[in-house]
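Trainee: Structural data only, the sequence is not supplied:
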């Protein structure tokens, strides 16, 4: 088969031009949006902290290194001598990923959670079947194992993330 | 192209050739994001933006794109606009972005968008492609909003405002308007919020549209038959009158 070098060259140049133009446009948009996306992330985190323990006093965020799920935590003064921590945890499975803010009291009982990101393919089922009941439950210990909600793998991931946060607190890690 | 053709390009995608209800294209997002009206409106807006932009660019470049690599070129163009829309949504409508999730990215392989680029924009002028994009975008948006309205009202029993478009409620919580579900009563059909319920609603809507179309076609056939019979009767009456007149003479 004879190769038409001229035609192949023209086609290659055209594709390269289109791809280059696309890359330029997207780089430009990224410059405009990246700052705003970061601002949104910080705002969402601040909103999440208020949702987990209400209007408590939060310390500085302490980064956690060498942990695949926990990225940082905040020490929280809940008033009247009560304390706790809020952990920023995230994890992935075959269906997507979940990022949570998990509240733990100093007696290691489970507090509220806030969903920062839920990209599971059964995101709504996970939210309605596991996360919302967990958030609404007075006693979190009674609902944490109710993972059979139609998005079992996502719910197991969330449960494991919550328990990982508690174990970190229990372990006395600073 | 004449004005009537421009109008045809625009209107066709909304009603006669609605991408979802007539061509049965784009069913995946139509089922996945139609649990709430807000999410459906959001998806419709993003879809329309991508469709219009890709249609216009494909049409503008149609004489330069080598036929051999037309499809890869269309996909690059569509993927660029989808990525752009994704970044903009993440920055300026973060709740919409997280509600739609992976389905924003999946617009790259949406058969309506690629189909309009291949079948229409690559063969027509920029203005017609623009109108076609807007028409199909509006048609698709109306279709998914209709499905979402049925599923949210009958399935969830409420209409939620401010869950996806948080700017509607500011810092406050989303507002839920009770319709079939409220304090002390719940007559909602939960099954309609499930994926199977989505199929069911789509099937029922398609059946209603088909019934209306069939009824219209039947009415047209009956009208035509009556007009024919009337013309025949008039011709016979005229003939009889002529014969009577001749007999009289």
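Mentor: Everything's here; your move. This is a predicted model, so every value here is computed, not measured.
Trainee: Quick one: residues contacting the closest residue to residue B:79 other than its chain neighbours.
Mentor: Here the nearest residue to residue B:79 in space, its sequence neighbours aside, is residue B:108; by CB to CB, 6 or more residues apart in numbering or on different chains that works out to 4.8 Å. C-beta coordinates here come from the backbone N, C-alpha and C atoms, glycine included. Shown in contact with residue B:108 (CB atoms under 8 Å, 6 or more residues apart in numbering or on different chains): B:75, B:78, B:79, B:82.
Trainee: how about the most centrally placed residue in chain A, secondary structure?
Mentor: Geometric centre of chain A, nearest residue: residue A:99, 1.6 Å, by CA atoms, centre = their mean. At residue A:99 the chain is in strand, as set by DSSP: H, G, I helix; E, B strand; the rest coil.
Trainee: hang on, it packs against residue A:88?
Mentor: Yes - using CB atoms under 8 Å, residue A:99 makes contact with residue A:88 at a distance of 7.4 Å.
Trainee: joint contacts of those two?
Mentor: Shared contacts of residue A:99 and residue A:88, counting by CB under 8 Å, 6+ apart, come down to residue A:116.
Trainee: Which positions in the lowest-mean-pLDDT helix or strand in chain B come out as buried?
Mentor: For chain B, counting by mean pLDDT, DSSP states H and E, helix B:3-12 ranks last in confidence among helices and strands (a mean of 84). Neighbour-count burial for helix B:3-12, counted by 16 or more other CB atoms under 10 Å in any protein chain shown, picks out B:6, B:8, B:9, B:10, B:12.
Trainee: What of stretch A:16-36?
Mentor: Residues of stretch A:16-36 classed as buried by neighbour count (16+ other CB under 10 Å): A:18, A:22, A:26, A:29, A:33.
Trainee: Averaged pLDDT, stretch A:71-78. What do you get?
Mentor: Averaging pLDDT along stretch A:71-78 yields 94.
Trainee: any idea whether residue 108 is helix, strand or coil?
Mentor: Using chain A. At residue A:108 the chain is in coil, as set by three-state DSSP.
Trainee: residues touching it, list them.
Mentor: Residue A:108 neighbours (CB under 8 Å, 6+ apart): A:166, A:169, A:170.
Trainee: Tell me which entries of these lie within helices.
Mentor: A:166, A:169, A:170 (DSSP state H).
Trainee: which of the residues you listed are buried?
Mentor: Buried subset of the ones in helices among the contacts of residue A:108 (neighbour count, 16+ other CB under 10 Å): A:166, A:169.
Trainee: interface residues of chain B facing chain A?
Mentor: Proximity of chain B to chain A, by CB under 8 Å from any CB of the partner chain, involves residues B:35, B:64-66, B:68-69, B:72-73, B:76-77, B:79-80, B:83-84, B:87-88, B:90-92, B:94, B:98, B:101-102.
Trainee: tally of neighbours for residue B:171?
Mentor: 6 (other CB atoms under 10 Å in any protein chain shown).
Trainee: and it, that one's in a strand?
Mentor: No - per three-state DSSP, residue B:171 lies outside any strand segment and is coil.
Trainee: State the distance from it to residue A:47.
Mentor: 9 Å (CB to CB, to the nearest Å).
Trainee: any residue of the lowest-mean-pLDDT helix or strand in chain A up close to chain B?
Mentor: The helix or strand of chain A with the poorest confidence is helix A:123-126; it has a mean of 85 (mean pLDDT, DSSP H and E). Yes - interface with chain B: helix A:123-126 contributes A:123, A:124 (CB under 8 Å from any CB).
Trainee: Please list all residues in contact with residue A:47.
Mentor: Neighbours of residue A:47 in contact, by CB under 8 Å, 6+ apart: residue A:114.
Trainee: Quick check: end-to-end length of stretch A:132-146?
Mentor: 12 Å (CA to CA, to the nearest Å).
Trainee: Contact residues of chain A facing chain B?
Mentor: Selection of chain A residues close to chain B by CB under 8 Å from any CB yields A:7, A:10-11, A:14-15, A:18-19, A:22, A:25-26, A:29-30, A:32-34, A:36-37, A:40, A:44, A:96, A:117-119, A:121, A:123-124.
Trainee: which one's the longest strand in chain A?
Mentor: Longest strand in chain A by number of residues, with DSSP state E as the criterion: strand A:82-93.
Trainee: tell me which residues in that strand are buried?
Mentor: Neighbour count says strand A:82-93 has A:84, A:85, A:86, A:87, A:88, A:89, A:90, A:91 buried, by 16+ other CB under 10 Å.
Trainee: Thanks a lot, catch you later.
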